[in-house]
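Participant: Quick check, what structure comes out for this input:
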Amino acid sequence: MKFVDEATIEVHAGKGGDGIASFRREKFIPRGGPDGGDGGRGGSIHAVADRNINTLVEYRYARIHRARNGGKGQGSDCYGKAADDITLQVPVGTVISDLASGEVIADLSADGQAAVLVKGGQGGLGNIHFKSSTNRAPRQCTPGEPGENRTLKLELKVLADVGLLGLPNAGKSTFIRSVSAARPKVADYPFTTLHPNLGVVRVDDNRSFVVADIPGLIEGAAEGAGLGHQFLRHLQRTRLLLHLVDLAPLDDGADPVHGARAIVEELRKYDESLYRKPRWLVLNKADLIAPEDREEKVRAFLSEYARAVAAPEKSFIISALTGEGCRALTYAIMEHLEHHARVEPAEAADDAE
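Facilitator: Numbers count the residues shown, from 1 in each chain. Sure thing, here's the model as predicted:
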């Protein structure tokens, strides 16, 4: 199935039913009092996160969603029927915002989490509400309120603990295949990854984390080069970024430091908060470098990278193809995630005091 992570839809809540002006008319009661009932409430539209749904593809084809109007009031104190609500099932991680204002209406990040998108109109009042000691035969009634309507943007941000960054062919897909059961496409040409892939990395029986692999970035992505920034949103929920760098690019003239710096700059242009996330440097394809030359080449790269960008928080040398260094990296990631899961609540409590 094609991965679809954006959709635009229209939602129209139902109008409330009109109230009615009616009077009781029965045999031997020629002048009965008012008995006009209220109109029913119009249908509302809700969204619910469902972990069994993976994409927004359904909403590419079903763009307009309308709830029914409430029933009109009737005589004999009969109220109009309330219309049924509509529930839209969306993937976990969907952010729903108003297209016109940009206001975020809901961020459905947990299975079963729900939000009201548009509310149905209230039903109008029948004339039984207007009777009084001085107005025994009221003819007033009110119409039902119109329902809300909006044009909404649905945006899916996948839920992962760790996100992979890097140029095309940096080995991100090979890495995720090496450490998890995910099987993304791997080939010897750029942009083999066309949509995000998720892999569950199981360190032991009771410890695991989720890795997200997105299509490779290239310099100028902010101006639309390559696949642009359209998939970087999927890294915004992650707690750690792994920046994979190809130490042995096929193009002899390619400069790994220049490519790594370009990725960091594209990250900064896209979102400052994403740029400030913890980011580890992972030097991949160590198997293509002769063992006697590896240490010197890594030292030279890290030295130049520190001058061009900044000293990395942590760096690792791996071969995603052979698995060399991957086990140590996954254990380091697990320890980092567990440590920050323990520390963050305590820090939040300190801030609150």
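Participant: would you list every one of the strands in the stretch 1-150 of the chain?
Facilitator: 6-12, 45-50, 64-66, 86-91, 94-98, 104-108, 114-118, 149-156 (DSSP state E, counting those that start in this stretch).
Participant: Make JSON lines from these and add distance to Ala308 to it.
Facilitator: No exception for glycine: its C-beta is placed from N, CA and C like everyone else's. Formatted as JSON lines, the strands of the stretch 1-150 of the chain follow (distance: least, C-beta to C-beta, whole Å):
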{"stretch": "strand 6-12", "distance to Ala308": "34"}
{"stretch": "strand 45-50", "distance to Ala308": "42"}
{"stretch": "strand 64-66", "distance to Ala308": "50"}
{"stretch": "strand 86-91", "distance to Ala308": "39"}
{"stretch": "strand 94-98", "distance to Ala308": "34"}
{"stretch": "strand 104-108", "distance to Ala308": "36"}
{"stretch": "strand 114-118", "distance to Ala308": "45"}
{"stretch": "strand 149-156", "distance to Ala308": "33"}
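Participant: how close does Gly36 sit to Pro30?
Facilitator: Gly36 sits 18 Å away from Pro30, going by C-beta to C-beta, to the nearest Å.
Participant: out of the two, which sits in the more crowded spot?
Facilitator: Neighbours per residue (other C-beta atoms under 10 Å) separate Gly36 from Pro30, with Gly36 holding more: 28 against 9.
Participant: quick one: contacts for the more buried one?
Facilitator: Neighbour list for Gly36: 19-23, 73-75, 126-128, 141 [criterion: C-beta atoms under 8 Å, 6 or more residues apart in numbering].
Participant: can we see that at 7 Å?
Facilitator: By C-beta atoms under 7 Å, 6 or more residues apart in numbering, the residues touching Gly36 are 19-22, 73, 75, 126-128, 141.
Participant: Domain ranges for the protein, per the record?
Facilitator: Per automatic domain parsing, the domain ranges recorded for the chain read 6-156, 162-352.
Participant: In JSON lines: those domains, plus mean pLDDT.
Facilitator: JSON lines is the format used below for these (pLDDT from 0 to 100):
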{"stretch": "domain 6-156", "mean pLDDT": "90"}
{"stretch": "domain 162-352", "mean pLDDT": "77"}
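Participant: and Gln113, how many neighbours does it have?
Facilitator: By the criterion of other C-beta under 10 Å, Gln113 has 16 neighbours.
Participant: same check, this time on Thr174
Facilitator: Thr174, neighbours per other C-beta under 10 Å, totals 19.
Participant: any idea how far Ala286 is from the nearest residue to it once chain neighbours are set aside?
Facilitator: Distances taken as C-beta to C-beta, 6 or more residues apart in numbering place Ala320 nearest to Thr174, at 4.1 Å, with adjacent residues excluded. Distance, Ala320 to Ala286, by C-beta to C-beta: 9 Å.
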